[in-house]
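K.L.:
With the input below, show me the fold.
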Amino acid sequence: MILTYQEILNNAKNGNIHITPFDESMLNPNSYDYRIDCKLLELEDIPVDPKKQTSYHEINFTDKGYTLSPNKTYLANTYEEIGSDMFVPSLIGKTSLGRLGLFLQITADLGNLGAKHKWTLELKAVQPIKIYPMMRIGQVTFWKTTGEADMKYSGKYDKFSEAKSSEIYKEFLGDCD
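P.N.:
Numbering: from 1, shown residues only. All right, here's what the predicted structure looks like:
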């Protein structure tokens with residue numbers, strides 16, 4: 001079950017939902033708007049060797065904004081730290097930006113219990129689109145779980161509060177021989 005406005009507000013006030021900084025005006029009927037921070041990573045050509053990290057270059061964009069180019073993938077992070085030990089967050093884009101051709105959270109929209117940090121956002125534009133630091137770029141919903149919530153996330157990305165490139169290379173086991 002998805003939490004409503006009042007349930008998100010109540011749980012943020014009593015500490016069951018972590019959103020820092022929290023601004024009640026960013027609440028929606030069943031979600032909370034989040035903002036994009038001030039730094040982007042533009043992914044460059046993916047290395048042929050999958051054991052090497054993805055290469056990128058850093059863009060610190062200003063209040064004049066930054067135009068995302070089509071056919072490029074960008075990583076950014078939320079301005080807010082978001083998470084919960086009781087509810088599963090799901091980060092999605094805003095309809096108004098989707099209608100302009102911005103895909104957000106292309107594949108990794110589901111968070112994990114216990115993860116509380118700034119989330120890495122995956123951005124892809126189908127046409128040039130200008131974005132600005134601190135703009136409301138997406139929304140987070142919170143989902144009630146069933147069963148015991150005793151297993152918390154402790155993966156390779158839970159310690160980061162900045163946009164983080166893929167670390168899938170850490171999962172490769174080596175030769176098949």
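K.L.:
Show me which residues of stretch 4-19 are buried.
P.N.:
7-9, 11-12, 16-19 (16 or more other CB atoms under 10 Å). Any C-beta I mention is one placed from the backbone N, CA and C, and that applies to glycine too.
K.L.:
Rounded mean pLDDT for the helix ranked longest in the chain, please.
P.N.:
Using DSSP state H to define each element, the chain has its longest helix at helix 5-13. Mean pLDDT, helix 5-13: 98.
K.L.:
Just the CA trace of stretch 57-71, in PDB.
P.N.:
Extracted as PDB, the C-alpha positions of stretch 57-71 are listed here (Å, rounded to 0.1, in the frame of the first residue of the first chain):
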ATOM      1  CA  HIS A  57      33.000  14.000 -16.500                       C
ATOM      2  CA  GLU A  58      31.600  16.300 -13.800                       C
ATOM      3  CA  ILE A  59      29.400  19.300 -14.500                       C
ATOM      4  CA  ASN A  60      28.800  21.900 -11.800                       C
ATOM      5  CA  PHE A  61      25.800  23.700 -13.200                       C
ATOM      6  CA  THR A  62      24.700  27.100 -12.000                       C
ATOM      7  CA  ASP A  63      21.400  29.000 -11.600                       C
ATOM      8  CA  LYS A  64      21.500  29.600 -15.300                       C
ATOM      9  CA  GLY A  65      20.900  25.900 -15.700                       C
ATOM     10  CA  TYR A  66      22.300  23.200 -17.900                       C
ATOM     11  CA  THR A  67      20.900  21.800 -21.200                       C
ATOM     12  CA  LEU A  68      20.900  18.000 -21.300                       C
ATOM     13  CA  SER A  69      21.800  16.600 -24.700                       C
ATOM     14  CA  PRO A  70      19.800  13.800 -26.300                       C
ATOM     15  CA  ASN A  71      21.500  10.400 -26.500                       C
END
